[in-house]
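Undergrad: fold the following.
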Amino acid sequence: MELTTTYEYIEYIEKRYDNVKIIKTTPDKKALDFWKRIGPPSRVLRWCTLVYKIAPTLKLIRELTNKESPKLILYDGIRADESSNRKKLGLESIGKYGNQTNIHPIHTWNTAMVHIYAMMNNIPLNNLYRYGATRVGCSVCPFKSYIDNTILELKYKTEIKGYLDILENYAKNVGITSKKDIKKFINDNSWASRPGGIHLHEN
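TA: Now for the predicted structure:
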């Protein structure tokens, strides 16, 4: 569900740093297949995190360690100023799935500190930040800001067309008929408050 710019960045990092080993894993189905079947993810129904990040990663780790419940230490880049929930975590937290300890080394940093550290240590940035993105993650996400959605509209419209088609169809199911109102429904992230499957017209 990431943009091609992010996949290119990962490939670049893999080539640049000989001591970095990147192991990739993916779910069994493509993202668009899940969107069509389950409906778009929302702030209430965040099925995408479990299906696209957590489950494939746990499956891979179990295969690599040959253990059903291996002990894990996960280092990540989450920061306190990203959300109220992340603010509560501190420098260390217990993972929700499995026997996992999460370490958040830059938890107290702000955005400027991250970028200054990257420049001082010659760490390349994902080009999405250069385009003005405030966060890098799934291409179409219920948590995207207006700025991020504008960047998608201007630079990645062709790449995200499949997701936009599903959102347009969902808007019609909700009862929105005019093209102008459908566009507003999508651009304003009104779809992101979807509480259930009532408008999916699925069994």
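Undergrad: how about Leu3, phi and psi?
TA: The phi/psi pair for Leu3 (degrees, to the nearest 10) reads phi -90, psi 160.
Undergrad: excluding chain neighbours, what is closest to it?
TA: With Cβ to Cβ, 6 or more residues apart in numbering as the measure, Ser139 is the residue that lies nearest to Leu3, at 4.9 Å, once sequence neighbours are left out. To be clear about C-beta, it is placed using only N, CA and C from the backbone, and glycine gets the same treatment.
Undergrad: what ranges do the strands span in this protein?
TA: Secondary structure of the chain, counting by DSSP state E: strands at 71-75, 92-94, 99-103.
Undergrad: let's have those in TSV, adding mean neighbour count and mean pLDDT.
TA: Listed next are the strands of the chain as TSV, based on neighbours: other Cβ atoms under 10 Å; pLDDT from 0 to 100:
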stretch	mean neighbour count	mean pLDDT
strand 71-75	12	91
strand 92-94	13	90
strand 99-103	14	91
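Undergrad: I'd say the residue nearest to Leu3 and Lys157 touch.
TA: No: under the criterion of Cβ atoms under 8 Å, Ser139 lies out of contact with Lys157, with a separation of 10.8 Å.
Undergrad: which neighbours do these two share?
TA: Between them, Ser139 and Lys157 have no joint contacts when contacts are counted by Cβ atoms under 8 Å, 6 or more residues apart in numbering.
Undergrad: look at these two and report which has more neighbours.
TA: Relative neighbour count places Ser139 above the other of Ser139 and Lys157, with 19 against 10, counting by other Cβ atoms under 10 Å.
Undergrad: in this structure Gln100 contacts Glu92, no?
TA: No: here Gln100 lies out of contact with Glu92, judged by Cβ under 8 Å, at a distance of 11.3 Å.
Undergrad: counting contacts, what elements does the lowest-mean-pLDDT helix or strand in the chain pack onto?
TA: Confidence across the helices and strands of the chain bottoms out at helix 84-87, with a mean of 86, counting by mean pLDDT, DSSP states H and E. Applying 3 or more Cβ pairs under 8 Å, 6 or more residues apart in numbering; DSSP states H and E, one finds that helix 84-87 contacts no other helix or strand.
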